[in-house]
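Asks: with the sequence up front, the predicted model follows.
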Amino acid sequence: MKRLLMVILCLGLSGFNPTQGADDKPAAKPNVLFIAIDDLRDWVGYLGNKQVKTPNLDKLAARGVHFTRSFCASPCCNPSRAALLTGLRPGTSGVYGNSDDWRKIVPEGTVTIPLHFKNNGYHVVGAGKIFHGGAGGFNRLSDWDDYLSDRGRGNEDDPNAPVRGKKHKSAGQAKEGWDGVGGIRFGPLDCEDKDMADYQSVSYIVKKLSQPQEKPFFFACGMHKPHMPWSVPKKYYELYPLDKIQLPKVQENDLDDIPPAGIAMAKPNGDHAAILKSGRWKEAVQEYLATITFCDAMIGRLIEGFDKSAHKDNTIICLWSDHGWHLGEKQHWRKFALWEEATRAPYMWIVPGVTKPGGVCNRTVDYMQIYPTLCDLCGLPKPQHVEGESIRKLLTDPAAPWDKPAIMTWLYNNHAIRSEDWRYIRYANGDEELYHNSMDPLEWTNLAKKPEYAKEKEELAKWLPKVNKEQTGKIKNPEKKAKKAKKRAAAS
């Protein structure tokens, strides 16, 4: 009896599972469905916007955990995506603008998310805009097993194949043309959903999902819309009658307490002045809303295909938008600024066995946590170069303690630090802004010069990035732009 007990004890210490047969395989690694959206700000139903129609995003958010304070690493397509996908913040990599080819700038040996999964035995496939420019931009095809090219094919290069997604452009121009005001381009298209590039991207990933997979997979699907031009099939505009459109709340003198560096980013005499002069502000908002709803419809198609697949119960869904968008707030349009509207964006996770339906996390996070969280959830080692840490504990318990703020960078050495209550902005020339977001959610009152808030500034400033690599891309010096803005303000 003693000998038998000793054998049982030894087997237990060795990790032997008496219910596991000799032929049993270890638990399969989870799959990943990685969904990227371009230029979608916080105008989605589940985040409280009352006029937008996003039923599919709302349903998807309810299936897992969505974040109410989620922020990009940079309010610009290329640096935001490069940071998220390489794990290196803009100041660390030196990727600051859309013209910076991250493939030539990041340190040698930097492993991207898709390459890391590929190196660890995953079947890695992509479509649409994941890296800036999509398949034909700053993508690196060697990081993927297959990628839907702009010619509608995978990684094979067939110069005779028709270019996908071009039909919708010519159709729109032939009927109405791309309209708009200045650089803000919009106008309905006389075409069908299937003529749009995003439709083809979704179809490609849905087809992959319908197929048996011998290895765990990482499938990435990138939506180009609602990026400009806000041009999608007519039916989406009909959902938003012009007389029902509500403009964002804007304070006319909102720039009065903004320092020169901030005014240089706002460019009040640019897009906003042109929109006001045209009288088409409501129309532009209508077009943006319509384009969001088209994107939502494509997400619906993707999730419908996912739900019909055999992989539903063992696949992680991570959905994010690369940054936000201004529609006149701070007399600013587009992204390219460090305020709330340009930096806040939808973000959600659905993780079998980890998240629970209906989870809402109010902690402040940024996208530098995506890479390490994916590693954590999939049992992969976290590469040494990756900045940020896993938020798995927030996926398990959305109310868990989390004291790290979100950190955003736009151009060289311009940063914003966002906690749950505050936003602190410091520009390269030393200009500052401070907002008490829990009391002033629209960031109308800059408190940076008030001495009673020196402690708040000091605490937030501790999180400013210590590494700010020199800017090498073709971007105008922001300090020179700030000086010019200051002169113009003095002259007026």
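Replies: Yep, it's here.

Asks: least trustworthy helix or strand in the chain by mean pLDDT?
Replies: The helix or strand of the chain with the poorest confidence is helix 167-175; it has a mean of 35 (mean pLDDT, DSSP states H and E).

Asks: what packs against the helix or strand that it is followed by?
Replies: Later in the chain than helix 167-175, the nearest helix or strand by DSSP states H and E is strand 179-181. Of the remaining helices and strands, those touching strand 179-181 by 3 or more C-beta pairs under 8 Å, 6 or more residues apart in numbering; DSSP states H and E are strand 184-186, helix 273-278. Heads up, the C-betas are built off the backbone N, CA and C, glycines and all.

Asks: partner strands of strand 179-181, parallel or antiparallel?
Replies: The strands that strand 179-181 pairs with in its sheet are strand 184-186 (antiparallel) (by DSSP bridges).

Asks: now find how far off-centre the strand it pairs with is within its chain.
Replies: When C-alpha coordinates are averaged (C-alpha atoms, centre = their mean, to the nearest Å), strand 184-186 and its chain have centres 21 Å apart.

Asks: check which residues of whichever helix or strand comes after that strand are buried.
Replies: Downstream of strand 184-186, the first helix or strand assigned by DSSP H and E is helix 197-209. Of all the residues in helix 197-209, those buried under the rule 16 or more other C-beta atoms under 10 Å are Ala197, Asp198, Tyr199, Gln200, Ser201, Val202, Ser203, Tyr204, Ile205, Val206, Lys208, Leu209.

Asks: so which other helices or strands are in contact with helix 197-209?
Replies: For helix 197-209, where contacts count as 3+ C-beta pairs under 8 Å, 6+ apart, the packed elements are strand 123-128, strand 217-223, helix 281-308.

Asks: one step back: highest mean neighbour count out of the helices and strands packed on strand 179-181?
Replies: Among the helices and strands packed on strand 179-181, ranked by average contacts under mean count of other C-beta atoms under 10 Å, first place goes to strand 184-186 (a mean of 21).

Asks: what's that strand in contact with?
Replies: Contacts with strand 184-186, where a contact means C-beta atoms under 8 Å, 6 or more residues apart in numbering, come from 178-180, 228-231, 271, 274-275, 283-284, 287-288, 291, 333.

Asks: can we see that at 7 Å?
Replies: With contacts defined as C-beta atoms under 7 Å, 6 or more residues apart in numbering, strand 184-186 is touched by Trp178, Asp179, Gly180, Met228, Pro229, Trp230, Ser231, Asp271, Ile275, Ala284, Glu287, Trp333.

Asks: over to stretch 382-401?
Replies: When contacts are defined by C-beta under 7 Å, 6+ apart, stretch 382-401 is touched by residues 65, 87-89, 92, 110-111, 116, 349, 351, 354-355, 359-361, 363, 365, 368-369, 371-373, 375-377, 402.

Asks: now do stretch 281-288
Replies: Outside stretch 281-288, the residues that touch it by C-beta under 7 Å, 6+ apart are 181, 184, 186, 226, 230, 237, 240, 242, 245, 247, 275, 327-328.

Asks: which of those count as buried?
Replies: Burial of the contacts of stretch 281-288 was assessed by neighbour count (16+ other C-beta under 10 Å); the buried members are Val181, Ile184, Phe186, Pro226, Trp230, Tyr237, Tyr240, Ile245, Ile275, Leu327, Gly328.

Asks: looking at those residues, which is nearest Leu141?
Replies: Within the buried ones among the contacts of stretch 281-288, distances to Leu141 taken as C-beta to C-beta reach their minimum at Pro226, with 26.4 Å.

Asks: tell me the confidence at the closest one?
Replies: With respect to pLDDT, Pro226 scores 98.

Asks: with Gln471 instead?
Replies: Turning to Gln471, the model gives it a pLDDT of 84.

Asks: just Glu420 next, same as before
Replies: Reported pLDDT at Glu420 in the predicted model: 97.

Asks: distance of it from Gln369?
Replies: When distances are taken as C-beta to C-beta, to the nearest Å, Glu420 and Gln369 turn out to be 15 Å apart.
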